[in-house]
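Peer 1: Just a sequence and a predicted model for now, questions to come.
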Amino acid sequence: MTLYVDADACPVKAEAETVATRHRLAMVLVANGGLRPSRNPLVSLQIVPDGPDEADKWIADRAGPGDVVITNDIPLAAKCVEAGAQVLRPDGSALTQANIGAQLAMRDLMSDLRAADPFRQGSGKGFTKADRSRFLDALERAVRQAGKTRT
C-alpha cells in the first residue's frame, strides 16, 4: 500500500505524513520541484519534469487497488478511481465511482463559465482547521479501507 500525494499545491502534506507514519505506509510526494525532502524514511519525494500534468501522469501510472491518492485534480482522481485506488481531496471529501462523473461534469461546467466571463473572480474559500480535521478523519478511514482491498 502506498499513499500518493499530488504535492505541488497540497495543504495537507504534514497531516498525510502523520497518518502514513502511524500506519507505517510508504508515502510518495509527487511534484515539479520546490519541495524540501522529508527526513522520514517512509516518505519519498518524486520530482517530475516541468510540464502540464506530469505529476498527474506519474501518479496515474502507479496508483491502483490498495493505494490512497490525495489530489484536488479531478481528471487525475478519475483515473485513480478507475484503477481501484482510494482518492481523497485535501478537504477530506472522497472521490469514488459513485461521484466522479458528477465531479468531472461540474469541473467542465465551471471551466466553461470562467471562459465565458474572463472577469469572473474565483469565490474559493479559505482552508480551515475543520477541513484539516475532516481530512485526517477521512484519511484514516481510506487507509483502513485500502488495507482491506489489498488483502
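Peer 2: Happy to help now that I have it. Numbers count the residues shown, from 1 in each chain.
Peer 1: and the closest residue to Cys10 other than its chain neighbours, what helix or strand is that in?
Peer 2: With sequence-adjacent residues excluded and distances taken as C-beta to C-beta, 6 or more residues apart in numbering, Cys10 is closest to Pro90, at 5.8 Å. All C-beta atoms are positioned from the backbone trio N, CA, C, and that covers glycine. Assigned by DSSP states H and E, Pro90 belongs to no helix or strand.
Peer 1: How about Tyr4?
Peer 2: For Tyr4, the enclosing helix or strand under DSSP H and E is strand 2-6.
Peer 1: what's the average pLDDT for that strand?
Peer 2: Averaged across strand 2-6, pLDDT comes to 96.
Peer 1: From the chain's centroid, how far away is it?
Peer 2: 7 Å (C-alpha atoms, centre = their mean, to the nearest Å).
Peer 1: Past it, which element shows up next along the chain?
Peer 2: Remark: after strand 2-6, the chain's next helix or strand is helix 13-23, criterion DSSP H and E.
Peer 1: the inter-axis angle of that next one versus strand 2-6?
Peer 2: If you take axes from the mean of the first three to the mean of the last three C-alpha atoms, to 10 degrees, helix 13-23 sits at 180 degrees to strand 2-6.
Peer 1: Please name every helix or strand in contact with the helix or strand following helix 13-23.
Peer 2: Using DSSP H and E, the helix or strand that follows helix 13-23 in sequence is strand 26-31. Applying 3 or more C-beta pairs under 8 Å, 6 or more residues apart in numbering; DSSP states H and E, one finds that strand 26-31 contacts strand 2-6, helix 13-23, strand 43-47, helix 54-62.
Peer 1: With mean neighbour count and distance to Gly34 as added columns, please give those in TSV.
Peer 2: Listed next are these as TSV, based on neighbours: other C-beta atoms under 10 Å; distance: least, C-beta to C-beta, whole Å:
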stretch	mean neighbour count	distance to Gly34
strand 2-6	24	14
helix 13-23	17	12
strand 43-47	16	9
helix 54-62	19	12
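Peer 1: Of the ones you listed, give the one that comes closest to Arg134.
Peer 2: Comparing those against Arg134 with C-beta to C-beta, the closest turns out to be helix 13-23 (10.6 Å).
Peer 1: if we can go back for a sec, give me the sheet partners of the strand holding Tyr4 and which way each runs.
Peer 2: strand 26-31 (parallel), strand 68-70 (parallel) (DSSP bridges).
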